[in-house]
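Asker: Dropping the sequence and predicted coords here.
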Amino acid sequence: MNAQHLDPHLSTISTLWTVLQQAHQGPADEAKRAQEQLLQRYAPAVYRYLLGALHNQDAADEVFQEFALKFVRGDCKRVDPDKGQFRHFLKTVLYRLVIDYHRRQKKDALPLVEDITAPVCEAEEPAGDDPQFLADWRTELLNLTWDALAKEEQQSGQPYHTVLRCRADHPDVPAEQLAEQLAPRLGKVVSTNWIRKRLHRARQRFTELLLDEIARTLDNPTHEDLTQEVIELGLLDYCRTALERLGAC
């Protein structure tokens with residue numbers, strides 16, 4: 001399926017590659033806003049990955065500041081989105097920063113002698129996805145989707161976030177009891193039928209917003225590109241129905 005067969009909404013989403021280009025090539029004010037957007041958007045995933053990779057909060061803080069400086073300084077302005085996945089680019093940057101940190105630590109720990117003949121081995125990036133980074137990235141995509149659903153509720157008045165969040169927090173509670181718990185939050189008495197209908201629509205909307213978030217991380221994705229990324233992220237169970245609807249568009 002070609003890119004033009006995607007839902008027009010998805011095909012016109014501003015991708016993170018676009019924001020990255022703005023962060024390094026746009027006018028000063030625009031670049032600053034783009035830098036802040038990127039750092040704010042994925043700072044939690046970046047920091048969790050660094051903390052897991054370095055096992056030390058001070059080290060994670062140091063490398064995170066170095067990562068932020070690279071964006072502000074414009075070190076990533078020559079990146080090429082040909083590979084498509086923004087997360088691969090980001091993971092490569094972080095992996096190299098972690099390796100550089102370990103090299104600095106190793107260098108500082110070397111004895112002060114002149115006769116050091118052993119060469120320093122170049123570390124190669126491991127093949128395939130880093131499971132920890134993939135898990136952090138997936139978590140952040142889900143968090144961003146919850147935030148988007150909450151923002152949409154504030155704008156539209158449709159209580160999809162409230163209803164779905166309550167169900168997620170209480171997965172085993174019967175619909176009747178869920179209706180009783182939601183009534184004070186919604187300011188009205190609701191029926192179990194009302195709850196079921198809103199939950200169905202809330203789940204649909206959540207997966208649509210989740211696909212939006214995933215599509216932002218790809219460069220001009222086709223339906224196949226988007227589907228493959230969903231599979232690699234382990235999110236197919238969330239998105240299967242939404243992808244089928246999208247493919248039928």
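Answerer: Nice, thanks for sending it over.
Asker: helices or strands next to the helix or strand that contains E213 in the packing?
Answerer: Per DSSP states H and E: E213 is located in helix 192-216. Judged by 3 or more CB pairs under 8 Å, 6 or more residues apart in numbering; DSSP states H and E, helix 192-216 is in contact with helix 8-11, helix 131-156, helix 160-169, helix 175-186, helix 223-232, helix 236-247. All C-beta spots, glycine's among them, are computed from the backbone N, C-alpha and C.
Asker: From K197, how far out is the residue nearest the centre of the chain?
Answerer: Centroid-nearest residue in the chain: L141, 3.7 Å away (criterion: CA atoms, centre = their mean). Distance from L141 to K197, counting by CB to CB, to the nearest Å: 27 Å.
Asker: Over to Q35?
Answerer: For Q35, the distance to K197 (CB to CB) stands at 42 Å.
Asker: ok, those two, which is more surrounded?
Answerer: Just comparing Q35 and K197: by other CB atoms under 10 Å the higher neighbour count belongs to Q35, 21 against 12.
Asker: Return the distance of the strand or helix carrying that one from the chain's centre.
Answerer: Assignment of secondary structure by DSSP H and E places Q35 within helix 28-54. Its chain's C-alpha centre and that of helix 28-54 lie 11 Å apart, by CA atoms, centre = their mean, to the nearest Å.
Asker: That one to helix 192-216, inter-axis angle?
Answerer: Angle, helix 28-54 to helix 192-216, by axes from the mean of the first three to the mean of the last three CA atoms, to 10 degrees: 100 degrees.
Asker: Give the other helices and strands that helix 28-54 contacts.
Answerer: When contacts are defined as 3+ CB pairs under 8 Å, 6+ apart, helix 28-54 sits against helix 16-25, helix 57-73, helix 86-109, helix 131-156.
Asker: hmm, try it at 6 Å
Answerer: helix 16-25, helix 57-73, helix 131-156 (3 or more CB pairs under 6 Å, 6 or more residues apart in numbering; DSSP states H and E).
Asker: Just put those in CSV and tack on distance to D212 and mean pLDDT.
Answerer: What follows is these, written out as CSV (distance: least, CB to CB, whole Å; pLDDT from 0 to 100):
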stretch, distance to D212, mean pLDDT
helix 16-25, 12, 64
helix 57-73, 23, 86
helix 131-156, 7, 93
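Asker: which of these sits most buried?
Answerer: By mean neighbour count, with neighbours taken as mean count of other CB atoms under 10 Å, helix 16-25 ranks first of these at a mean of 19.
Asker: Tabulate the helices and strands packed on helix 28-54 in a markdown table, adding columns for distance to L211.
Answerer: Formatted as a markdown table, the helices and strands packed on helix 28-54 follow (distance: least, CB to CB, whole Å):
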| stretch | distance to L211 |
| --- | --- |
| helix 16-25 | 15 |
| helix 57-73 | 26 |
| helix 131-156 | 9 |
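Asker: can you tell which of the helices and strands packed on helix 192-216 is closest to G52?
Answerer: Nearest of these to G52, taken as CB to CB: helix 131-156 at 5.0 Å.
Asker: Next one: the closest residue in space to A43 that isn't next to it in sequence from R41, what distance?
Answerer: Leaving out its chain neighbours, the residue that sits closest to A43 by CB to CB, 6 or more residues apart in numbering is F64, at 7.7 Å. Separation of F64 from R41 (CB to CB): 14 Å.
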